[in-house]
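> Generate coordinates for the sequence data below:
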Amino acid sequence: MIEMENINKVYKMGEVSLDALKEVSLSIEPGEFISIMGPSGSGKSTLLNIIGCLDTPTSGSYFLEEKNVAGLSLDQLSAVRNRKIGFVFQNFNLLPYATTYENVELPMLFNGKSGKKRRQRVIELLEMVGLVNRQLHRPSELSGGEQQRVAIARALANDPAMILADEPTGNLDSKTGVEIMGLFVRLQQQGRTILMVTHDTNIAAYSQRTINLLDGRII
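Okay, the predicted model is just below:
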């Protein structure tokens, strides 16, 4: 699914350079559930952003499903993201004035799906996350756990092979966090590849493998 070799990421701020990632090499098989851990500033979010085609490495190679995406243009990266990757964030990132239905439908609008196919897919996803009866509610009318379930349904809208989750339980209580992780486990059992950034060792225990970062390097 993923093959990275000697990935470096350098951020330049005037005359100052920050090495966010240093010679990172890793392989991820299809269907793996992997946690990425490390202290603040270790490079976790930078690595996730590069894997998710939200950012590009300064040097090194990155093959996603055997396609080298390290040198793609922004438009090409956007197309890869839309087809292959779903994102789940700590703060949910839902549109505040859109309903549950509209938030889940949005990625399909960008992908050009017909109205009938969009409706079928939205209802299918809301049934999967148990929110069909909340489809007309806005985020402010939902609990944190419900908002994250909407975000997961939205991430699955275009049926991506890979889900990237950045601290998906960070704003949830422990009971709700367990429910969300149960949903991720079911997605992985369906064959999806899941990469998750977390600070919580209890949450990381749901994954099959943990990548530990320190000062931009895999340790």
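
> lowest-confidence helix or strand of this protein?
Each helix and strand of the chain was given a mean pLDDT (mean pLDDT, DSSP states H and E); the minimum falls on helix 74-84 at a mean of 86.

> which residues are contacting that helix?
Residues from elsewhere that reach helix 74-84 (CB atoms under 8 Å, 6 or more residues apart in numbering): 52-54, 56, 64-65, 67, 69, 72, 107, 110-111, 158, 160-162. The way it works is simple: take the backbone N, C-alpha and C, and place the C-beta from them, glycine included.

> Just the buried ones from those, in PyMOL syntax?
In PyMOL syntax, the buried subset of the contacts of helix 74-84 is picked out as below (16 or more other CB atoms under 10 Å):
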select buried, resi 52+53+54+56+64+69+72+107+158+160+161+162
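
> in this structure, which spans are strands?
Per DSSP state E, the chain carries strands over the ranges 2-13, 16-28, 33-37, 59-64, 67-68, 85-89, 162-166, 193-197, 209-214, 217-218.

> from the chain's centre, how far out does the third one sit?
For strand 33-37, the distance from its own C-alpha centre to the chain's C-alpha centre is 11 Å (CA atoms, centre = their mean, to the nearest Å).

> ditto for the first one
Counting by CA atoms, centre = their mean, strand 2-13 is centred 19 Å from the centre of its parent chain.

> change the start of the numbering to 34 and stick with it
New numbering, starting at 34: the last item is strand 35-46.

> one step back: just the C-alphas of the least confident helix or strand of the chain, formatted as PDB.
Extracted in PDB, the C-alpha atoms of helix 107-117 (Å, rounded to 0.1, in the frame of the first residue of the first chain):
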ATOM      1  CA  LEU A 107      -1.000  20.100  -6.100                       C
ATOM      2  CA  ASP A 108      -3.800  19.300  -8.500                       C
ATOM      3  CA  GLN A 109      -2.600  15.800  -8.900                       C
ATOM      4  CA  LEU A 110      -2.200  15.300  -5.200                       C
ATOM      5  CA  SER A 111      -5.800  16.600  -4.700                       C
ATOM      6  CA  ALA A 112      -7.100  14.000  -7.200                       C
ATOM      7  CA  VAL A 113      -5.200  11.200  -5.300                       C
ATOM      8  CA  ARG A 114      -6.600  12.300  -2.000                       C
ATOM      9  CA  ASN A 115     -10.200  12.400  -3.300                       C
ATOM     10  CA  ARG A 116     -10.000   8.900  -4.700                       C
ATOM     11  CA  LYS A 117      -7.800   7.000  -2.300                       C
END
